[in-house]
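below are the sequence and a predicted model for it; my questions follow.
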Amino acid sequence: MNTTTLRVLLALGEEGCTAADMLERLADVPGGVDAPSLPALYRHLKVGLDEGWLTVIPVGDGTPGRPRQIYQLTSSGKEAIAAQGRRLRALAAFALGEVEEPGATR
């Protein structure tokens, strides 16, 4: 999972949100300079859907056209975020010299 996909998943929060709301929420998620463009956001959402990390709930609001969609994390998505967090924590510890390089001898 790349950093932007992780940030998108984190921006969903527990209750989920629409893509438009997610663009606003991404400003509060560390690890990126800017929010992705809307087309890029949809590419990351597609990755999440394809991987089973997200589900979509259509929300009909009575307006013509395509219904709004609420994206929500699945239990698999929450597990993927936790696993990525563990990998990043281990990588950061290694970069900061808090763990030995694998195979190193003293």
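Ah, there it is. Being a predicted model, the structure only gives us computed values, none of them experimental.

residue boundaries of the helices in the chain?
Applying DSSP state H to the chain gives helices spanning 3-12, 19-25, 38-51, 75-95.

can you say which of those helices is packed in most?
The highest mean neighbour count among the helices of the chain, using mean count of other CB atoms under 10 Å, belongs to helix 3-12: a mean of 21. In this view, the C-beta of every residue, glycine as well, is placed from N, C-alpha and C.

hey, what's the closest residue to Leu45 other than its chain neighbours bridged with?
Distances taken as CB to CB, 6 or more residues apart in numbering place Tyr71 nearest to Leu45, at 6.1 Å, with adjacent residues excluded. Listed beta-bridge partners, Tyr71: Cys17, Val56 (assigned using DSSP bridges).

from here on, count from 39
Got it, first residue is 39 now, which makes that one Tyr109.

look up how far Cys55 lies from Tyr109.
7 Å (CB to CB, to the nearest Å).

between those two, who's got more neighbours?
Tyr109 (23 against 17; other CB atoms under 10 Å).

for Gly51, see how far away that one is.
10 Å.

residues contacting Val137?
Val137 sits next to 128, 131 when contact means CB atoms under 8 Å, 6 or more residues apart in numbering.

swap in 6 Å and give it another go.
Ala131 (CB atoms under 6 Å, 6 or more residues apart in numbering).

pLDDT weak spots in this protein?
Across the chain, the ranges flagged by pLDDT under 70 are 70-71, 99-103, 138-144.

before we move on, the earlier item: isn't the residue nearest to Leu83 up against Leu92?
Yes - using CB atoms under 6 Å, Tyr109 is in contact with Leu92, at 5.3 Å.

the residue lying closest to Thr112 once chain neighbours are set aside: how many residues sit nearby?
Nearest residue to Thr112, sequence neighbours excluded (CB to CB, 6+ apart): Thr93, at 5.5 Å. For Thr93, the count of nearby residues is 15 (other CB under 10 Å).
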